[in-house]
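# Any chance you can model this:
(one chain, ligands or ions: 1)
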Amino acid sequence: MPTLLPRPSILSIEPYVGGESKIPGVNRIVKLSSNEGAFGVPPGAQAAYARLAAELHRYPDGSATALRAAIGARFGLDPARIVCGNGSDELIGALILAYGGEGTELVMSAHGFVMYDIAGRYAGCRVIKVPERDLTADVDAMLAAVGPRTRLVFLANPNNPTGSMLPAGEVARLRAGLPEEVLLVLDSAYAEYVTRPDYDPGTALVEAGTNTVMTRTFSKIFGLGGVRLGWCYAPAHVIDILNRVRGPFNVNAPAMAAGIAALAEPDWVETSVAHNAEWRARLSEGLRAAGIGVHPSEGNFILADFGTAERAKAADAALKQRGLIVRMMGAYALPQALRITIGTAEECTMVLDALTGFMRGAN
Ligand code: PMP
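Predicted coordinates for the structure are as follows:
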């Protein structure tokens, strides 16, 4: 036992595992385990990133002025209400450190995004995981879990890893039922992929001044997971707090240049959304036809339920044999499931063929 110990809550954190991209002995890898965009990096973003190489001796603009202006223009938002981060993960952590901490509670749904639990424990919050209905956040149960110590409520919408989505009316009902001193964080990392019409990423609630913030990312549809770029849209008083706690140069210069260029890439989002909707449906239907349970998803991934942990493990091994890397869900308390990112048409077809063959052999 070392004599130097961190705060006890930190020892309860399981390190986040992600980004794996190798299988020993397999040459051609198809990585469908991190919900990255299907089409790689937008070409304009690659060029913009490369151009910044000649200026790496300079510190970046610590206020991310040009990037915030580009985000504001693209999404119709006031740039003064935006803070950028080194991935939205950084902003999630900053919000929890600023508003949570020892003696406070953070409320999330049972299979909500894992970073809320990790960052909550890091900050010393008591993390309350609320039971769901059909793997979907249950507004009444979440409201019932809120107590006098609750400072933060997190909702990923759509949620990772379940793919579930709460309609705008339900999110508004959640906000309306929370005390004013509770910050509602709407994590809309997968907003662009949603095709249901009753969706709202949270903009209106932020603007209504209800102590609600919205986090977004460049890691998914904008194809920039590797540069680490996210942003938060928030009321002015929360922006002020985030600017106090974030690192002074938390977003690097090539990342900002790539982000601005990605926003300007013609037809990128439209093409990606159409492809994702088509292959999310085809993969879901194909896997269901093969006898695998598939939860309805509004993200760029699906959750495939094999019924037992053993069968999910065997399915994962069958996929790995063909170079297909997906995400096992044991760490999310879903050991019977695999989360599969929607890749290119060819990649989705490979998954479908492999799992159809696996189910034939398994039955
Ligand atoms: N929120 C959700 C729901 C996510 O799935 C992810 C990525 N796994 C993130 C936030 C973090 O994204 P970023 O790359 O911007 O840190």
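# Trp231 pairs with what?
Note on Trp231: beta-bridge partners by DSSP bridges are Cys84, Arg216.
# What is the burial count for it?
Trp231: 25 surrounding residues under other CB atoms under 10 Å. The C-beta positions use only the backbone N, C-alpha and C, and glycine is treated the same way.
# what's the spacing between it and Ala66?
13 Å (CB to CB, to the nearest Å).
# same question, Val139
In terms of CB to CB, Val139 sits 38 Å off from Ala66.
# who's in contact with the closest residue to Leu174 other than its chain neighbours?
Using CB to CB, 6 or more residues apart in numbering and skipping residues adjacent in sequence, the residue nearest Leu174 is Val139, 4.8 Å away. If a contact means CB atoms under 8 Å, 6 or more residues apart in numbering, then Val139 has Leu166, Glu170, Arg173, Leu174, Gly177 as its contacts.
# The closest residue to the third one other than its chain neighbours and Gly100: what is the separation?
Put plainly, it is Arg173. Nearest non-adjacent residue to Arg173, counting by CB to CB, 6+ apart: Val139, 5.5 Å away. Separation of Val139 from Gly100 (CB to CB) stands at 21 Å.
# what's the answer for Arg175, then?
Going from Arg175 to Gly100 by CB to CB gives 18 Å.
# which one of those two has more residues nearby?
Using other CB under 10 Å as the criterion, Arg175 and Gly100 rank with Gly100 on top: 24 against 20.
# Please verify my assumption that that one contacts Gly120.
Yes. Using CB atoms under 8 Å, Gly100 makes contact with Gly120 at a distance of 6.4 Å.
# Alongside the ligand, which residues does the stretch 201-350 of the chain contribute?
By CB under 6 Å from any ligand atom, the residues of the stretch 201-350 of the chain that approach the ligand are Thr217, Ser219, Gly225, Gly230.
# residues contacting Lys31?
Shown in contact with Lys31 (CB under 8 Å, 6+ apart): Ser21, Ile325, Thr341.
# Give me the buried subset of the residues you listed.
Buried subset of the contacts of Lys31 (neighbour count, 16 or more other CB atoms under 10 Å): Ile325, Thr341.
# want to throw the contacts of Lys31 into TSV with secondary structure and pLDDT?
Formatted as TSV, these follow (DSSP: H, G, I helix; E, B strand; the rest coil; pLDDT from 0 to 100):
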residue	secondary structure	pLDDT
Ser21	coil	77
Ile325	strand	97
Thr341	strand	98
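# Among the contacts of Lys31, which one sits closest to the ligand?
Thr341 (10.5 Å; CB to the nearest ligand atom).
# wait, what's in contact with that closest one?
With contact set as CB under 8 Å, 6+ apart, Thr341 has these partners: Lys31, Leu32, Ser33, Ser34, Asn35, Glu36, Ala38, Asn300, Phe301, Val326.
# mind listing what's buried in whichever strand or helix holds Leu174?
Assigned by DSSP states H and E, Leu174 falls within helix 168-177. By 16+ other CB under 10 Å, the buried positions in helix 168-177 come out as Ala168, Glu170, Val171, Ala172, Leu174, Arg175.
# those helices in the stretch 201-350 of the chain, which residues are they?
In the stretch 201-350 of the chain, the helices defined using DSSP state H, counting those that start in this stretch lie at 203-207, 236-245, 253-264, 268-289, 309-321, 345-362.
# Quickly compare those and say which is most buried.
Mean neighbour count (mean count of other CB atoms under 10 Å) peaks for helix 253-264 among the helices of the stretch 201-350 of the chain, with a mean of 22.
# Tell me, how many residues neighbour the residue in the chain that the ligand sits nearest to?
In the chain, no residue comes nearer to the ligand than Gly87, which is 2.8 Å away by CB to the nearest ligand atom. Counted with other CB under 10 Å, residues neighbouring Gly87 total 23.
# For stretch 91-102, buried residues please.
Residues of stretch 91-102 classed as buried: Leu91, Ile92, Gly93, Ala94, Leu95, Ile96, Leu97, Ala98, Tyr99, Gly100 (neighbour count, 16+ other CB under 10 Å).
# wait, doesn't the fifth one sit right on Leu186?
What it means is Leu95. No. Using CB under 8 Å as the test, Leu95 is too far from Leu186 to be in contact (11.5 Å).
# and the residue most central in space within the chain, what does it touch?
Note on the chain: the residue nearest the mean C-alpha position is Ala189, at 4.7 Å, using CA atoms, centre = their mean. Applying CB under 8 Å, 6+ apart, we find Ala189 in contact with Ser88, Phe113, Ala156, Asn160, Thr215, Arg216, Thr217, Ser219, Lys220, Gly230.
# Lovely, talk soon.
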